[in-house]
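**Student:** Build the 3D model from these lines:
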Amino acid sequence: MLTIAFLALLCASASASEIQARSSSFSGEYGGRGGKPFSHSRNQLDGPITAIRVRVNRYYIVGLQVCYGKVWSKYVGGKLGELKEIFLNPGESVVQVSGKYKNYLRKLVFVTDKFRFLTFGKDRGISFKAVPLYPNTVLRFISGRSSRSIINAIGFHWDVYPSEHENC
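**Tutor:** Residues are numbered from 1 along each chain as shown. Predicted structure coming up:
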């Protein structure tokens, strides 16, 4: 009897991990070579993405910072250029990211489930379009590579919308 209960519990936990594995996906990495790796994987524990700051110059995406719940991630990239900041509305999520790159990241367009297009950068380079692999999933965190002056490459991690958290 104990063996049957153990097997039932084992099957239930295997099914739960299989469901979780089917909701997570990764798009990328888009950009050039070089730079030091960065990841916001721990930041996602602070809540959903609620705001995005991007620094741009005449040619490239220079820097990046994301607010998760009420907590801003560490800033990555360079300090020169114009800083733009966009807040998501409560309950709004990023469901697609497109952009352009060549040797460095040049343009980012975050598309939300409320049909807003949050655009940063210049319209030159090789195009990309990042979308989640599974339905009903959203952008949970960003990773990539950056140097002291620029964002070299970027990747997007998708999963189900997190539990309730407050906005920035």
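
**Student:** count of neighbours near Leu105?
**Tutor:** Other residues within reach of Leu105, judged by other CB atoms under 10 Å, total 32. Heads up, the C-betas are built off the backbone N, CA and C, glycines and all.

**Student:** I should have written Pro37 there, sorry.
**Tutor:** Pro37 has 13 nearby residues by other CB under 10 Å.

**Student:** Would you mind giving me the confidence score for it?
**Tutor:** Here the pLDDT value assigned to Pro37 is 98.

**Student:** Confirm for me that it is in contact with Gly144.
**Tutor:** Yes: Pro37 is within contact range of Gly144, at 7.5 Å (criterion: CB atoms under 8 Å).

**Student:** Which residue ranges of the protein form strands?
**Tutor:** 25-31, 36-39, 49-56, 61-68, 71-72, 76-77, 82-87, 94-101, 105-112, 117-121, 126-130, 138-146, 151-159 (DSSP state E).

**Student:** Give the other helices and strands that the third one contacts.
**Tutor:** Where contact means 3 or more CB pairs under 8 Å, 6 or more residues apart in numbering; DSSP states H and E, strand 49-56 is packed against strand 61-68, strand 82-87, strand 117-121, strand 138-146.

**Student:** Report the angle between the second one and strand 117-121.
**Tutor:** Looking back up the chat, that one is strand 82-87. Angle of strand 82-87 versus strand 117-121, following axes from the mean of the first three to the mean of the last three CA atoms, to 10 degrees, is 170 degrees.

**Student:** Describe which strands strand 82-87 pairs with in its sheet and in which direction.
**Tutor:** strand 49-56 (antiparallel) (DSSP bridges).

**Student:** same thing with the first one?
**Tutor:** Strand 61-68 sits in its sheet next to strand 49-56 (antiparallel), strand 71-72 (antiparallel), strand 76-77 (antiparallel), going by DSSP bridges.

**Student:** Report how many residues lie close to the residue nearest to Gly81 when sequence neighbours are not counted.
**Tutor:** Nearest in space to Gly81, with sequence neighbours left out and distances taken as CB to CB, 6 or more residues apart in numbering, is Asn57 at 3.8 Å. Per other CB under 10 Å, the neighbour tally for Asn57 reads 16.
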